[in-house]
Structure formats: C-alpha cells, structure tokens
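Just to be clear, the model below is a prediction. Sequence and coordinates:
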Amino acid sequence: MDYHQHMSLRAALEWQIEAGVLDTLGETPVDRYAVPAAPEQPKRAARAEEANPVDAATGAPMAAAAADPVAEAQQMATAAQDLAGLQAALAAFPHCELRRGARNTVFADGTPGARVMIIGESPGREEDRQGRPFVGQAGQMLDRMLAAIGLSRAESVYITNVLPWRPPQNRDPLPDEIAMMRPFVARHVALAQPDLLVLVGNISCDAGLGKRGITRLRGSWTEAYGKPALPMFHPAYLLRQPHLKREAWADLLSLKARLG
C-alpha cells in the first residue's frame, strides 16, 4: 500500500468515526442477539446400581415405589370375603400412620347382619383402650338414644367407625386418612349387609357422602355405600350441645319409622 492509499483509507475511517459508526463489519454476518450455546457437558455413564438399586445388606433388588395407598386399600378390602377377613386386612394395612400410636384396631361392635349399621367417626381414648367403638360417654349416650326407640347393639344394631385408630389428641382425621379408609368402610357395609345406615357426625358424612355440614345434612334421608342413609349428630356433640337433643330425637323417630 503506497502513501496515497494509506492517507485515503485513513481519511475514510476518520469520517466514519465522526459520523458515529461504532462497529465494523466483517465478511461473515454476526447475530448479536443470539444466545451463546452452553458448553457441552460430558455425559456420565449410568451405573448399573443406579438403574437397578439393590439392598446394601442383602444384595437383593430393592422394592419398587410403594403403591398408591388408596388403590392398595381398595385391593385389600375387595379381597376380604367376610368380616373376619376384613378385620385382618384392616389390621395389616401399612400406610396409615395412625396405627403406630394406637393401642388397638377398633373394628366393630354389636350384631353383624343387623338391619341398622351405625358408622361413627374415629375412636376416642376409651375406645382405643378397649378396642370397641362407642364405649365412652358418647357411647353410653348412643345406647340410651337407641334404647329410646327399641334398639340395642346387643340385638339389633351393628356399629363401626370410619377410622379404626385413634388420632392424636382426638384431632379430626386428615383427608388422606379418610380416603385410605373409605374402601374398607364400603366393603364393611357390603359384608355386613344392613338395610340402612346411620352416619354419625361430620367425618362419617365426609366418607360416605363426600360432604360435611352435619347441621344442614342431619334429618334428611340420602344414600351412602348403596344403602339408605340418615345423617345424625354425634352423641359427643350432643353432650356439648344439649339443646340439640330435640333435633336428635326427631332423627331417631325418623329412623324408627323407616324401620317400621
């Protein structure tokens, strides 16, 4: 390049700078909005023990992920051919944590095959201790209520709960706990074959009807587990709210009339 060419190119460059040119262009177009590709990471070969984990102690393949608790409950309940089999299946069900803190699995009481089946909520302290539903103060009140219309657990009533294990501090059962127990309750009804059901309290209505609000639901016949069902106040609630005994008496008369 001679002197004159050099000066010409220099003058052209100075003019472009004065005109505001900031970048120069090359022979190859550049996309300055493109995101630069991340550097490729070396792939790690999957180890056989990661794909097929084994028990470190025994060397045996580890079990697959646990089945859905509700599906397993349905399978175990359906397999029970009688009440004794259902009780054994319920006691062996591994997925409900309530069983760990309970003294007993509270299955049922009364007369299997009775026309009336009462489904309560969950065991209290005395029920957990004795292994029978409705044996505390609420149970004594239930017995008096039944006797007022000529019924008794010794002859004409079969009683169970939605949950067979006592929740800590008598708290309400959680939705997943109710869901796990619902297949067992449905099978219990199918095996006991009552003519009608009494759903005692909100938890029983939740499991059988899929809704709560016992003040609104009580006294009106509906259907649960394929049977006519009457929601009623829980006796424990009546002990705390004695002014509601009038409504409870009306429900008992409706039950008596339905049986007649």
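Thanks, I have the structure now.

When you work out contacts or count neighbours from here on, use the C-alpha atoms and nothing else.
Fine.

Verify the stated contact: residue 199 with residue 225.
No. If you go by CA atoms under 8 Å, residue 199 and residue 225 don't touch, sitting 11.0 Å apart.

who has more neighbours, those two?
Legend: neighbour count by other CA atoms under 10 Å for residue 199 and residue 225, higher for residue 199 (29 against 19).

Work out for me the element that one sits within.
Using DSSP states H and E, residue 199 falls within strand 196-200.

Dump that strand to CSV, keeping only the CA atoms.
Output in CSV follows, covering the C-alpha atoms of strand 196-200 (Å, rounded to 0.1, in the frame of the first residue of the first chain):
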residue,chain,number,x,y,z
LEU,A,196,-79.9,-48.9,56.2
LEU,A,197,-77.1,-46.7,57.6
VAL,A,198,-76.9,-44.0,60.2
LEU,A,199,-74.0,-41.6,59.5
VAL,A,200,-73.0,-40.1,62.8
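
In terms of secondary structure, what does that strand contact?
Counting contacts by 3 or more CA pairs under 8 Å, 6 or more residues apart in numbering; DSSP states H and E, strand 196-200 packs against strand 116-120, strand 227-232.

Now do the helix or strand following the first one: everything it contacts.
Using DSSP H and E, the helix or strand that follows strand 116-120 towards the C-terminus is helix 125-130. The set of residues that contact helix 125-130 without belonging to it, under CA atoms under 8 Å, 6 or more residues apart in numbering, is 102-106, 133-136, 165-166, 170.

elements contacting the next helix or strand after helix 125-130?
As assigned by DSSP H and E, the chain's next helix or strand after helix 125-130 is helix 137-147. If you count contacts as 3+ CA pairs under 8 Å, 6+ apart, helix 137-147 packs onto helix 235-240, helix 245-259.

Make CSV from those helices and add distance to residue 159 and mean pLDDT to it.
Shown next, in CSV, are the helices and strands packed on helix 137-147 (distance: least, CA to CA, whole Å; pLDDT from 0 to 100):
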stretch, distance to residue 159, mean pLDDT
helix 235-240, 14, 96
helix 245-259, 15, 97
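
For these, please prepare CSV with the additional fields distance to residue 115 and mean neighbour count.
Converted to CSV, those look like this (distance: least, CA to CA, whole Å; neighbours: other CA atoms under 10 Å):
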stretch, distance to residue 115, mean neighbour count
helix 235-240, 21, 16
helix 245-259, 8, 15
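
Pretty sure residue 106 sits against residue 134.
No. With contacts counted by CA under 8 Å, residue 106 stays clear of residue 134, the gap being 9.9 Å.
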